[in-house]
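# With the input below, show me the fold.
(4 chains)
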Protein chains: 2
Amino acid sequence: MRLTERKIAATLRQHGYKLTPQRRAVMRTIASTQDHLTPAAIYQKVHKDHPSIGLVTIYRTLDILAKLELICELHAGGSCRSYTVGARGHHHHLICSNCGEVIDFTGYDLTQLEQRLSRQTGFEIEGHLLEFIGLCQNCQKND
Amino acid sequence: MRLTERKIAATLRQHGYKLTPQRRAVMRTIASTQDHLTPAAIYQKVHKDHPSIGLVTIYRTLDILAKLELICELHAGGSCRSYTVGARGHHHHLICSNCGEVIDFTGYDLTQLEQRLSRQTGFEIEGHLLEFIGLCQNCQKND
DNA sequence: TATATAAATGATAATAATTTTCATTTACAA
DNA sequence: TTGTAAATGAAAATTATTATCATTTATATA
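As a prediction, this is how the structure comes out:
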């Protein structure tokens, strides 16, 4: 099922958010493409039709839509990074969203999936990022 | 096999990078903990013993170590995000590191792994991030 | 339909993270 | 020992994001 502007509007209402022209514009822009857009790119597109809309409103709207899971977020390198020694061999991360604790885990192999994707898309795959986000035991208690 | 300072030094040399006291200090700091550290955190730690070292050098050193795959990078929300309509149901991303094209793929289920991790670590898992990075067909040609 | 009100907006400033520039210093090959 | 390319530090420039606050507006309800 394709995500429609109507669907987004309804969900906003359900959660008590107002339906403003600015939000409509952002929704329409995101729904109009399959591409992934950065906040700045969305701002530029929206700005053409609605020159008075502010970048801040874009950010606020994106936060809401992401919280309602109407849009999804991805990270493609760049900022917000942290580092650790690279445990030899493959490992992935489990990150506490509250305190930031990171647990490495091993023993999960994505080779097959990688081959499938490579075959299906023609991509030459260089690497991947697999992370789970959640609350660690400690932060669950102190909630 | 644990990553040692010696190992890091050798790899640097192999790739024609000089072994400076500043790089030693960064390496020693990263190798001394299992935690994941942000560039700023690494800077603070290094700064105690070597007050003259600059944050810029930390960034430069991290870039090199990451390129040589001696350390690994993770993204824990925050900046560097982009958005798309959330295709209903689960999907993950395949991102071209050159042109930024994003392909969504479905049909890969991480539920079992999630349950295993939850059992083993006590985490209450809220979500995950699975992305493959590579070169799309087009960018492979124009190389 | 008018209106009260909480929510949303835009402008601006503030903060944070990262990169660039460039003059100076330094590791190391010869 | 020395020449040279590479690395460094300081400072400024970019870029991304968030906070503040006075003004406007969507919408529930009278």
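
# What residue spans form the domains of chain A?
Domain assignment of chain A by automatic domain parsing yields the ranges A:5-67, A:92-141.

# can you tell if the shortest one touches chain B?
In this case it means domain A:92-141. Yes - using CB under 8 Å from any CB of the partner chain, domain A:92-141 reaches chain B at A:93-97, A:100, A:102-105, A:108, A:113-114, A:117-118, A:120-137, A:140. Using the backbone N, CA and C atoms, a C-beta is placed for each residue, glycine as well.

# before we move on, what about stretch A:6-25?
No - using CB under 8 Å from any CB, stretch A:6-25 never reaches chain B; the gap is at least 8.8 Å.

# Would you mind listing the buried residues in that stretch?
Neighbour counts over stretch A:6-25 (16 or more other CB atoms under 10 Å in any protein chain shown) mark A:7, A:8, A:12, A:17, A:22, A:23, A:24, A:25 as buried.

# Can you give me the end-to-end span of that stretch?
Chord length of stretch A:6-25, first to last residue, is 12 Å (CA to CA, to the nearest Å).

# Low-confidence stretches in chain A?
Residue ranges of chain A with pLDDT under 70: A:1-3, A:34, A:74-91, A:97-101, A:142-143.

# Enumerate the residues of chain A near DNA strand D.
For chain A, the residues found near DNA strand D under the criterion CB under 7 Å from any atom of the strand are A:13, A:18-21, A:38-40, A:55-56, A:59, A:63, A:79.

# will you turn those residues into CSV that also has distance to residue B:48 and secondary structure?
Listed next are the residues of chain A next to DNA strand D as CSV, based on distance: CB to CB, whole Å; DSSP: H, G, I helix; E, B strand; the rest coil:
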residue, distance to residue B:48, secondary structure
A:13, 54, helix
A:18, 51, coil
A:19, 53, coil
A:20, 50, coil
A:21, 53, helix
A:38, 37, coil
A:39, 37, helix
A:40, 37, helix
A:55, 39, helix
A:56, 38, helix
A:59, 36, helix
A:63, 37, helix
A:79, 25, coil
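
# Let me know the secondary structure of residue A:109.
The assignment at residue A:109 comes out as coil when based on DSSP: H, G, I helix; E, B strand; the rest coil.

# What about it, how many residues nearby?
The number of residues packed near residue A:109 is 9, by other CB atoms under 10 Å in any protein chain shown.

# phi, psi of it?
Per-residue torsions, residue A:109: phi -110, psi 130 (degrees, to the nearest 10).

# Can you tell me how far it is from DNA strand C?
With distances taken as CB to the nearest atom of the strand, to the nearest Å, residue A:109 is found 29 Å from DNA strand C.

# Please report the residue range of the longest strand in chain A.
Longest strand in chain A by number of residues (criterion: DSSP state E): strand A:124-135.

# C-terminal to that strand, what's the next element?
helix A:137-141 (DSSP states H and E).

# tell me the contacts of the closest residue to residue A:118 other than its chain neighbours?
Among residues not flanking residue A:118 along the chain, residue A:125 sits closest, at 5.3 Å (CB to CB, 6 or more residues apart in numbering or on different chains). Shown in contact with residue A:125 (CB atoms under 8 Å, 6 or more residues apart in numbering or on different chains): A:114, A:117, A:118, B:94, B:132, B:133, B:134.

# okay, among those, which ones form the most distant pair?
Across these, the longest distance by CB to CB is 12.2 Å; it joins A:118 and B:133.

# what pairs with the most centrally placed residue in chain A across the strands?
In chain A, the C-alpha nearest the mean C-alpha coordinate belongs to residue A:73, at 1.0 Å (CA atoms, centre = their mean). Beta-bridge partners for residue A:73, by DSSP bridges, are residue B:83.
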